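> 3D model of this:
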Amino acid sequence: MKIAIADDDPKRSHKIKNLLINECNLIESDIEIFHTTQSIKGALRNIYFDIMFLDVIMPRRDETPSAMTSFRLLKELESNIKIKKPDTIIGITASTEDFQDFRSEFDKRCFTLIEARRTSSNWQEKIVSAVKYKQSNRLGRSTTDKAIYCYTIHGIRTRGAWQQDLKKIVQKNVDNVEFGTFKYGYFSIFSFFLPFLRWPAVNSFASSLDEVLEKNKEKRIILFSHSFGTHILIKALEKLVKKKEYKNLSTIVLSGSVLRRNYSFRNIQKQTNARIINDCGSSDYILSLSEAFVPFSGMAGKVGFKGKNDSTFINRIFDGGGHSHYFDQDGYFIETYWLPLFYEDYEVEMIDNRKDSFFRLGLLDKTTTLLGAFKEFIYILFILWGIYIFFS
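You can find the predicted model right below:
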């Protein structure tokens, strides 16, 4: 959801921005502030905003602010086809007495009008309520025409409590979504370390996923996976797409992925309509160990996959996130980054807010990558050496 705040009061505009981030779980990069009608008009030529907060007393450029200036902007939004009109406009003013001559005109064109007095905090609650209403209404409409089936698979050494958290948050906000969860049980580090012990879990999930995709051909399928679950999911899809297409598969979400960063999704994308979203944590040191020591695995959930990012494949790398930062107790990550994926036309943007660090992003990643390049070869030599010792 894209938000524009057109307000010549810097303190109030930044207060609104922080309010939307903290109370409505909006992403900072999706909120833009403008202090003149000329600047917001320029942005509207290129950007579609879901909501625009408009101070009813605004300057055009550097002149004295007036209600006439904001009123002219509203009129131009109606008549100028080169400007992308926001879906919802919410008026804000410090005092309704300041624009009584234009009150009826603002009421016609605005979703609501909020009186933001400095001596009261009620206006902040109204802003939050208006945005949350818009969020729930927007997401609810997205499922009206086509139902959604969401299938989730958990990670290693876990029972997948996050699967129920995701279900609760989504069903609270979105209509017409059915959930399914795949449980393969507690998977030990030892089992994960030996590739042939992974095969039963992959085969079992492949059979289950094929059944889900076949039974829900009229629904939009969204898949969520975490950690070792990303390996099971992708390896299962590899098996399935060799035989047939699954065009009802619309979204694949990988989090904390143990896949190698040079993995190619070409065959999966060719046989499905899936956009692939790879959510990462730059401090996911568990994946550094996976890259360096575990055969046929990597740290794509830490550094992202190599290759092009576009509308069908997106890396989202979050600074400081660990292996399970997606499942914070207040549900912030799920609400902010996963809930919007249920809206069919939601445009996912690439995120990479890592901060430069010689140790964490340089030396460590380079070292683990180097170890990872030779680990299988080293293990083969070790096995051959063991066989030689045993029979000699």
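> so where's the stretch 101-250 of the chain shaky on pLDDT?
101-105, 107-111, 118-119, 136-145, 157-159, 185-193 (pLDDT under 70).
> what about 80?
101-121, 133-146, 156-160, 173, 184-198 (pLDDT under 80).
> Do a quick rundown of the helices in it.
103-109, 122-142, 161-173, 189-193, 199-215, 228-241 (DSSP state H, counting those that start in this stretch).
> where's the residue lying closest to Pro340 once chain neighbours are set aside relative to Val303, distance?
In space, and not counting its chain neighbours, Pro340 is closest to Tyr346: 4.8 Å by C-beta to C-beta, 6 or more residues apart in numbering. (Each C-beta comes from the backbone N, C-alpha and C, glycine too.) Separation of Tyr346 from Val303 (C-beta to C-beta, to the nearest Å) stands at 25 Å.
> can you redo the helices of the stretch 101-250 of the chain as a markdown table with mean neighbour count?
Listed next are the helices of the stretch 101-250 of the chain as a markdown table, based on neighbours: other C-beta atoms under 10 Å:
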| stretch | mean neighbour count |
| --- | --- |
| helix 103-109 | 13 |
| helix 122-142 | 17 |
| helix 161-173 | 17 |
| helix 189-193 | 14 |
| helix 199-215 | 16 |
| helix 228-241 | 22 |
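> JSON lines please, covering those and showing distance to Phe293.
What follows is these, written out as JSON lines (distance: least, C-beta to C-beta, whole Å):
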{"stretch": "helix 103-109", "distance to Phe293": "62"}
{"stretch": "helix 122-142", "distance to Phe293": "42"}
{"stretch": "helix 161-173", "distance to Phe293": "26"}
{"stretch": "helix 189-193", "distance to Phe293": "8"}
{"stretch": "helix 199-215", "distance to Phe293": "20"}
{"stretch": "helix 228-241", "distance to Phe293": "15"}
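> and of these, who's closest to Lys355?
Closest approach to Lys355 among those is made by helix 228-241 (25.2 Å; C-beta to C-beta).
> Restrict the closest one to CA atoms and write it as PDB.
In PDB, the C-alpha atoms belonging to helix 228-241 read as follows (Å, rounded to 0.1, in the frame of the first residue of the first chain):
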ATOM      1  CA  PHE A 228      14.700 -27.000   5.500                       C
ATOM      2  CA  GLY A 229      11.100 -26.700   4.400                       C
ATOM      3  CA  THR A 230      12.300 -24.600   1.500                       C
ATOM      4  CA  HIS A 231      14.500 -27.500   0.400                       C
ATOM      5  CA  ILE A 232      11.600 -29.900   0.600                       C
ATOM      6  CA  LEU A 233       9.300 -27.600  -1.200                       C
ATOM      7  CA  ILE A 234      11.600 -26.800  -4.200                       C
ATOM      8  CA  LYS A 235      12.800 -30.400  -4.600                       C
ATOM      9  CA  ALA A 236       9.200 -31.600  -4.500                       C
ATOM     10  CA  LEU A 237       8.300 -29.100  -7.200                       C
ATOM     11  CA  GLU A 238      11.300 -30.200  -9.300                       C
ATOM     12  CA  LYS A 239       9.700 -33.700  -9.400                       C
ATOM     13  CA  LEU A 240       6.200 -32.500 -10.100                       C
ATOM     14  CA  VAL A 241       6.900 -30.000 -13.000                       C
END
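> Name the single longest helix found in the chain.
Ranked by number of residues, the top helix in the chain under DSSP state H is helix 364-391.
> Mind giving me the packing neighbours of that helix?
helix 285-293 (3 or more C-beta pairs under 8 Å, 6 or more residues apart in numbering; DSSP states H and E).
> who does whichever helix or strand comes after the helix it packs on touch, helix- and strand-wise?
Using DSSP states H and E, the helix or strand that directly follows helix 285-293 along the chain is helix 300-303. If contacts are counted by 3+ C-beta pairs under 8 Å, 6+ apart, helix 300-303 sits against strand 249-255, strand 275-281, helix 285-293.
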